[in-house]
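S.K.: Fold the following for me, if possible:
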Amino acid sequence: MSAPPLRRVGVESQTPLVPPSRQDSSSPGRGVMTEHQRIKILTHHTIWGKTDQRRRSRGSGGPAWNPLTAHVLDTAACTGRLWERYLTPGMRRRLTEAFGGGEEETARRIVMLLAGLHDLGKASGCFLRTFGTGRNDDLPLRTRESDAWRAQASAARLPGDAHPYGQVDARHEHITAAHLPRLLGCPCEDCGGDGDKLPGLHTVALLLGGHHGDIPGMDVVQRAAGAAPMELWEPVHRGLVAEAAELIGVDLAALPALVKPERPSVLPMFTGLVILSDWIASSDDHVTYRRLGTPTTDWWAASRRQARQAVSALALDRWRPEPRSWPELFPGTAPRPFQSATLAALPADGPALVLVESDTASGKTRLAFAVAHHLARTCGHQGLFMAMPTRATTNQVAGELERFLRNSTDGATTTNLAVVHAAAEATELVHRLIDASATRQQNALGSLPDSVAEASQDSGEPDNVVLNPWYLRSCLGLVSTFGIGTVDQLVLVPQRNRHWMLRLFGLAGKTVVIDEAHAYQLFQQEMLGAAVQWLADAGASVVVLSATLPAPVREALVRAWCTGHRVVTRDDGGTGPVTVVDRSGAVRRTGADRTGAARPHRVGTQVRLQPLPGPNGLAGLLLREAEGGGVTGVVRNRVASAVELHATARRLGLRNGWREDEIVLLHGRLMGRDRLPIETRLLAALGPDPDTGGPNSGRPRRLLVIATQVVEQSLDIDFDRLYTDLAPIDLLIQRYGRLHRLPANARPPWFRESALTVLWQPDDTGLPLVEPPDGRGAGTAVGNLDGLVYAPYILAATWHALDRRTDGAGRFALTADEHRALVEEVYGPVGAQPGALGRLLARTGADWRASLADEHGESYARPLLPYGRQGRTPAVAHDLTSGKAHGGGRSFGAPGIAALTRLGTPSIEFLALYRWPGGALTYDRDGRLPADTRYHPADGEARRGQQKDFLLNTLSMPVTWTSGRGGVPRPGTWPALDRPGLRHRRAALLDPGSGRCLSGPLGITYTLEEGLTR
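M.R.: Next comes the predicted model:
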């Protein structure tokens, strides 16, 4: 039911904000204004937009609150500066088409005005009466400053809380969405007129209604209209809009006909630009509060000046690279033939999709960086974001990206590199980049002593690559010109979740690199396909790196790219491991050498299929084989298998002359404090020389490394010999990339042949046992728990593909050009097989296809596509509606609706500390690192160090551990710890001796060998 028509009245008939009795009680000089002041200050100037919660303004002698008009101008100025310095030519073209009728300067000013008006809804009684009621407001804001502001507002006759149709409360952004179309000139019935509806104005208003992260539905907007009745607020709203338009230089009469945001990517792009501008303009690190009585022309001049300074301080400048040769980008190297061929195949202008399929250590990462450099030069891409499969791979490749940026950017220009994952603050690289940022800022301000500045300059290490702590929030990490993070960030792009518009905006002008594309589950691959559609429509480029891709995945990515560009695929029929698709849909393949591969990683790696012996037999074999020297790696599918083999090998090895430190265990159930030293040691000992990238002089004479798949995903290390459990073929290809990875390394004679042994568990018939216990083919007790990690069908099909290639001794020579054939055979159509093998493949294949159907069903409803399922219907603003049910991007939300980064069992993260007799808490079991549980301000050095320590001591357990009889207590039942720094954290207290949990998730145990167990 709609409210009766609203009549317009003058300012003099408005209801004051507070009654006269409250006005009269104000002391002279604090709240009572002179007649001259009343005439000079317009009513809308007394609307507050921000209050000084951090005492930054008052501490420097400024006012306690900032007028809404000032915040409008601050946001508009930030938008204008970002348009000039940050937006790419492609992004500006799209916004000009949507907001300027082809005239860029007109579009820039209109977008500035619209962005500034995002908080128009703060001009409402329900918002204004909250002055001084925030949880972070200090006592003066609640009392003295609140009374002073109310007196000023009343003296200016600012409308109050009188509602002719009853009290209505609403969020200020929803009030903006309700009233802005009318104020901008829409004459439709919903806006109180009798003309035609202007959909562009309603679209923009709805998008602005989502500047706090979720775009509202129309029911929410319609309800919000009553929170600022037109007969009370119309003159105030119009006065604010008119003054802002005049200062910014916008013709309000011409605006309605120019606002036509129709391209789908423009909708989140515009919203993301508004959110970013608002966040910058809301930071008292960058803007100052304005005083009433000062001319607003002065406010506007200050807004523009501070916007320039803020954008510069945050390094929000698009990449403008100079020409660089390959040796300049990657010193000491020359491009390989497939790398040169790829660069030559890129379009002369415009974005591209590039798919690179090549084995590990072939140079895919360097090629991706070189492609990004090329595209920044040819089509003005703003920067680069790299999506990695895990946090560990992110940390590893971040160092490579940092080195590339030092070689490809001007050392005089600050270059921000964001590391984007939940544990980023625990990495040394992040802290070093943050310190470099502080040093660079201090040098710029001249606040460092000359000796310190000179030492910094003479260190030989350029400090232009930095990380402003502002970008540690995950959404903002994607806004940084350069960034690297987990693939989760990209999977969230097409899903309606809080601030997803900002994620897409941050990537819309970049080259987005997706690494290890073969490693993602079907759900993630389909989300990535949806993200590629949005990125294509926005004008970004995408580079996909993989050892090899199944044909359906490759074709789906090309199809997604062409759908985003609304073109038909035109394939030239060529061959090669590199696929390049331009914006017109033209497909070109290149990069093949005479073998058909990007680069033969090694000639004839010997693959051996060997039945899995027991722990004693396998450990004895490994120790005997490397007794005279060499580095052997063993990759197990499960932590329990790795732990058991390590314990056995250590027991036998110590009896036979091996040192304890020569047998290493690494798996993912260790907390970072215990795992990172192991990874650091392995990288230092088995990785390339950090300076030359060549042979490592510190390589040990003998080492046995027993690990789970973290070693395959996380570490750039080189084994002389490799064993692995039977795993999906694409992961086996990835694992054997750690074998003879650095050809120049010296190896013992018995390990000079590149050899990979695949261990498989036979059943009674001689076929692989791949189903878990209680599976239909495995009996009730006998089975292979690896079938709970990987699909039994894929394990069986991988075994069959390898077995049929072996000779009588169970061996065959694997070359790089066979990778694609193996992957296609395993993941392609199931061919009929006779006998027991056929029954195994048929039974497990049916289960696998059913599982894929479930994944596809999960991925069908969640993504929002720019042009619908059929690629024909453009998304409109109403399609972007989201709310709490969709979650915050990582957690929460309603089942079946909430945005997800991956399917599978959710986990519960918690902080693990050791409790000693007497109550002392430490980070380590030896008691040498006291835990800092004090409260520290969010922006202090102590807080940074504390958060790093907390992340290093964070563990996660499957939520299923809390189920059933004897399950671990749920987090809501864990005792609260009376320590200031722990009051809002889940925490477990462990016994230093046994690792048994003493408080919190009772029933778990943590040890240095097994990690977290129940």
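
S.K.: From now on I want contacts and neighbour counts done on CA atoms only, so please keep to that.
M.R.: OK.

S.K.: Could you give the number of residues near the residue nearest to P992 when sequence neighbours are not counted?
M.R.: If the residues on either side of it in the chain are set aside, P992 comes closest to R925, at 4.8 Å by C-alpha to C-alpha, 6 or more residues apart in numbering. R925: 20 surrounding residues under other C-alpha atoms under 10 Å.

S.K.: One more: E555?
M.R.: By other C-alpha under 10 Å, the residues close to E555 number 12.

S.K.: Distance check, it against R820.
M.R.: Distance from E555 to R820, counting by C-alpha to C-alpha, to the nearest Å: 14 Å.

S.K.: Next: R747.
M.R.: From R747 over to R820 the distance is 29 Å, taken as C-alpha to C-alpha.

S.K.: Same question for G945.
M.R.: Distance of G945 to R820, given as C-alpha to C-alpha: 47 Å.

S.K.: and the two? which has more neighbours close in?
M.R.: Legend: neighbour count by other C-alpha under 10 Å for G945 and R820, higher for R820 (19 against 14).

S.K.: correct me, but that one touches T548?
M.R.: Yes. Counting by C-alpha atoms under 8 Å, R820 touches T548, with 6.0 Å between them.

S.K.: G918 falls within a strand, correct?
M.R.: No. Counting by DSSP: H, G, I helix; E, B strand; the rest coil, G918 is not found in a strand; it is coil.

S.K.: Look at it and report its pLDDT.
M.R.: As predicted, G918 sits at a pLDDT of 92.

S.K.: repeat for L522
M.R.: pLDDT, L522: 88.

S.K.: Contact partners for it?
M.R.: L852, E855, H856 (C-alpha atoms under 8 Å, 6 or more residues apart in numbering).

S.K.: after the longest strand along the chain, next one along is what?
M.R.: Secondary structure assigned by DSSP state E gives strand 907-915 as the longest strand of the chain. The helix or strand immediately downstream of strand 907-915 is strand 921-922, counting by DSSP states H and E.

S.K.: Tell me which residues are up against that following strand.
M.R.: If you take C-alpha under 8 Å, 6+ apart as the criterion, strand 921-922 is touched by L913, Y914, R915, W916, R928, L929, P930, A931.

S.K.: now, among those residues, which is nearest to R238?
M.R.: A931 (56.4 Å; C-alpha to C-alpha).

S.K.: Tell me how many other residues crowd the closest one.
M.R.: A931, neighbours per other C-alpha under 10 Å, totals 18.

S.K.: Spatially nearest residue to it (excluding sequence neighbours)?
M.R.: In space, and not counting its chain neighbours, A931 is closest to T922: 4.5 Å by C-alpha to C-alpha, 6+ apart.

S.K.: Then T415?
M.R.: V465 (4.8 Å).

S.K.: can I assume that neighbour is in contact with T414?
M.R.: Yes. Between V465 and T414 a contact is recorded at 6.2 Å, counting by C-alpha under 8 Å.

S.K.: phi, psi of the residue nearest to T415?
M.R.: Main-chain torsions, V465, degrees, to the nearest 10: phi -90, psi 120.

S.K.: Averaged pLDDT, the host helix or strand of V711. What do you get?
M.R.: Using DSSP H and E, V711 falls within helix 710-714. The average of the pLDDT scores along helix 710-714 is 75.

S.K.: What strands flank the following helix or strand past it, and is each parallel or antiparallel?
M.R.: Using DSSP H and E, the helix or strand that follows helix 710-714 in sequence is strand 721-725. Next to strand 721-725 in the sheet, as set by DSSP bridges, lie strand 630-635 (parallel), strand 755-760 (parallel).

S.K.: coming back round to it: list just the nearest of the contacts of strand 921-922 to G964.
M.R.: Nearest to G964 among those is L913, at 26.3 Å by C-alpha to C-alpha.

S.K.: so the closest one touches N953, yeah?
M.R.: Yes. The pair L913 / N953 is scored as a contact, 7.1 Å apart, by C-alpha under 8 Å.

S.K.: More neighbours: which of the two?
M.R.: L913 (24 against 21).

S.K.: got a pLDDT number for R602?
M.R.: So R602 comes in at 45 (pLDDT).

S.K.: One more: Y860?
M.R.: In this model, Y860 is scored at 84, pLDDT.

S.K.: Can you classify it as helix, strand or coil?
M.R.: Assigned state for Y860: helix (three-state reduction, three-state DSSP).

S.K.: coming back round to it: residues contacting the residue nearest to T415?
M.R.: Shown in contact with V465 (C-alpha under 8 Å, 6+ apart): E402, L405, R406, T414, T415, N416, L417, L433, A436, S437.

S.K.: Among those residues, which lie within helices?
M.R.: E402, L405, R406, L433, A436, S437 (DSSP state H).

S.K.: between those residues, which is nearest R1014?
M.R.: Proximity of the ones in helices among the contacts of V465 to R1014 (C-alpha to C-alpha) peaks at L433, which lies at 38.2 Å.

S.K.: ok, and the closest non-adjacent residue to that closest one?
M.R.: Nearest non-adjacent residue to L433, counting by C-alpha to C-alpha, 6+ apart: V466, 4.4 Å away.

S.K.: okay but the one you found is in contact with T414, surely?
M.R.: Yes. Judged on C-alpha under 8 Å, V466 makes contact with T414 at a distance of 7.0 Å.

S.K.: More neighbours: which of the two?
M.R.: For V466 versus T414, the count of surrounding residues by other C-alpha under 10 Å is larger for V466: 25 against 22.

S.K.: and the residue most central in space within the chain, what element?
M.R.: Nearest to the mean C-alpha position of the chain, counting by C-alpha atoms, centre = their mean, stands Q489 at 2.9 Å. Per DSSP H and E: Q489 is located in helix 488-491.

S.K.: before we move on, what about S584?
M.R.: Going by DSSP H and E, S584 is not in any helix or strand.

S.K.: That one: what's it in contact with?
M.R.: Applying C-alpha under 8 Å, 6+ apart to S584 gives the contacts C562, H565, V567, V568, T569.

S.K.: Just give me the closest of these to M230.
M.R.: H565 (43.1 Å).

S.K.: Just give me how far stretch 1005-1014 sits from the chain centre.
M.R.: Relative to its chain's centre, stretch 1005-1014 lies at 30 Å (C-alpha atoms, centre = their mean, to the nearest Å).
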